[in-house]
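this is a predicted model, with the sequence first.
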Amino acid sequence: MMRFLPWLYLLAAFTFIYLPVGVLVLFAFQEGSLPVPPFNGPSLRWFGEMLADDDLMAALRNSVLVAFGSSAVAVTLGFFAAYGLARHVLPGSAVIRGLLIAPLTVSYLIVGLGLLIVLTRTGLGLSLWTAAIGHVVINLPLAFAIIYASMGAQQQNAERAARDLGAREAQVIALVTVPMLRPAIAAAFFLSVTLSWDEFIIAFLLTRFDVTLPVEIWSLLRSGLSPQLNAIGSFVFLISVAVVLLLEVTLFRKPRP
């Protein structure tokens, strides 16, 4: 009996994690108007209505633009901050690192309200651009922490060897540092995309007419539950799973010895 306990625990853990997602996907394929038992299907009706909803598709496109754009900026800034602090001795570097990571401990609500006040005072209108700025603010500390933690002596020795061979600093970064840190940079980027994709509070506070997908879903939820919401959730979930599997097979796969 004891040898089955780890398997029972594993089954219970996966059930706890994936049961809500499984229920969401299941009732996305039903014919009825309410995503509740009994199951009435299967049917692709709600996926068709989802694709025909212009507001929902516009919000989906906005989320893609904000997530990938803000993540690219956050990872770029985080990389250069990590490189500067890891490779150069600066006065107060420990304080600088602490200040860069400190926003991770601050509530998104506080960050969003602060950005809303600053943007309002400066006269900038609320839009996808302001939402992207907010997502850069919350993702930059995470990207910095991941990349900085991966900068070890191995990369530093390779950079020194490249300089000894006559490489300029830009060449060292582009041809040595970035390729060696590719897994960390990719992990920081895709984690930033995930957090930006799901983020609601800052997107809600810093957008007005062009909203992201979480804000649009919140607007639809005010009218009650609908299988159309299950359809968009299932669509996003299945795409995310496909992307993760693709990355696992290509980018993060360990080379054979």
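It's in.

can you tell me the SS state at Asn230?
At Asn230 the chain is in helix, as set by DSSP: H, G, I helix; E, B strand; the rest coil.

tell me the contacts of it?
24-25, 27-28, 35, 46 (C-beta atoms under 8 Å, 6 or more residues apart in numbering). Any C-beta I mention is one placed from the backbone N, CA and C, and that applies to glycine too.

now rank those residues by neighbours and give me the top one.
Ala28 (27 neighbours; other C-beta atoms under 10 Å).

how much space between that one and Thr212?
21 Å (C-beta to C-beta, to the nearest Å).

next, count neighbours for the residue lying closest to Val66 once chain neighbours are set aside.
Nearest non-adjacent residue to Val66, counting by C-beta to C-beta, 6 or more residues apart in numbering: Ala132, 5.0 Å away. Neighbours of Ala132 under the rule other C-beta under 10 Å: 26.

need the pLDDT of Ala132.
Note for Ala132: predicted pLDDT of 92.

I'd say it and Gly69 touch.
Yes. Contact criterion C-beta atoms under 8 Å: Ala132 and Gly69 qualify, at 5.6 Å.

poorly predicted segments of the stretch 101-250 of the chain, please.
Within the stretch 101-250 of the chain, the stretches with pLDDT under 70 are 247, 250.

ok, which stretches of it are strands?
Per DSSP state E, counting those that start in this stretch, the stretch 101-250 of the chain carries no strands over any range.

can you give me the helices for it?
For the stretch 101-250 of the chain, the helices defined by DSSP state H, counting those that start in this stretch cover 108-122, 128-149, 153-164, 169-172, 178-180, 182-198, 201-206, 213-221, 227-249.

of all those helices, which lies closest to Tyr18?
With C-beta to C-beta, the closest approach to Tyr18 among these belongs to helix 227-249: 10.4 Å.

restrict the helix or strand hosting Trp46 to CA atoms and write it as CSV.
Using DSSP states H and E, Trp46 maps to helix 45-52. Output in CSV follows, covering the C-alpha atoms of helix 45-52 (Å, rounded to 0.1, in the frame of the first residue of the first chain):
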residue,chain,number,x,y,z
ARG,A,45,-21.0,26.5,-31.9
TRP,A,46,-19.3,28.7,-29.3
PHE,A,47,-15.9,28.6,-31.1
GLY,A,48,-17.7,29.9,-34.2
GLU,A,49,-19.3,32.7,-32.2
MET,A,50,-16.0,33.5,-30.5
LEU,A,51,-14.3,33.9,-33.9
ALA,A,52,-17.2,36.0,-35.2
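
give me the contact list for it.
With C-beta under 8 Å, 6+ apart as the criterion, helix 45-52 contacts 28-31, 56-57, 226-228, 230-232, 235.

what's the most centrally placed residue in the chain in contact with, if anything?
By C-alpha atoms, centre = their mean, the chain has its centre lying nearest to Thr194, at 2.0 Å. Applying C-beta under 8 Å, 6+ apart to Thr194 gives the contacts Ser240.

recalculate using a threshold of 10 Å.
67, 71, 139, 240, 243-244 (C-beta atoms under 10 Å, 6 or more residues apart in numbering).

again, but for Leu128
62-63, 65-66, 69-70, 203, 206-212 are the contacts of Leu128 under C-beta under 10 Å, 6+ apart.

want to throw these into JSON lines with neighbour count and distance to Glu169?
Output for these, formatted as JSON lines (neighbours: other C-beta atoms under 10 Å; distance: C-beta to C-beta, whole Å):
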{"residue": "Asn62", "neighbour count": "21", "distance to Glu169": "38"}
{"residue": "Ser63", "neighbour count": "25", "distance to Glu169": "37"}
{"residue": "Leu65", "neighbour count": "15", "distance to Glu169": "33"}
{"residue": "Val66", "neighbour count": "27", "distance to Glu169": "32"}
{"residue": "Gly69", "neighbour count": "17", "distance to Glu169": "27"}
{"residue": "Ser70", "neighbour count": "27", "distance to Glu169": "27"}
{"residue": "Ala203", "neighbour count": "30", "distance to Glu169": "38"}
{"residue": "Leu206", "neighbour count": "23", "distance to Glu169": "36"}
{"residue": "Thr207", "neighbour count": "22", "distance to Glu169": "39"}
{"residue": "Arg208", "neighbour count": "11", "distance to Glu169": "43"}
{"residue": "Phe209", "neighbour count": "8", "distance to Glu169": "44"}
{"residue": "Asp210", "neighbour count": "17", "distance to Glu169": "40"}
{"residue": "Val211", "neighbour count": "21", "distance to Glu169": "42"}
{"residue": "Thr212", "neighbour count": "31", "distance to Glu169": "38"}
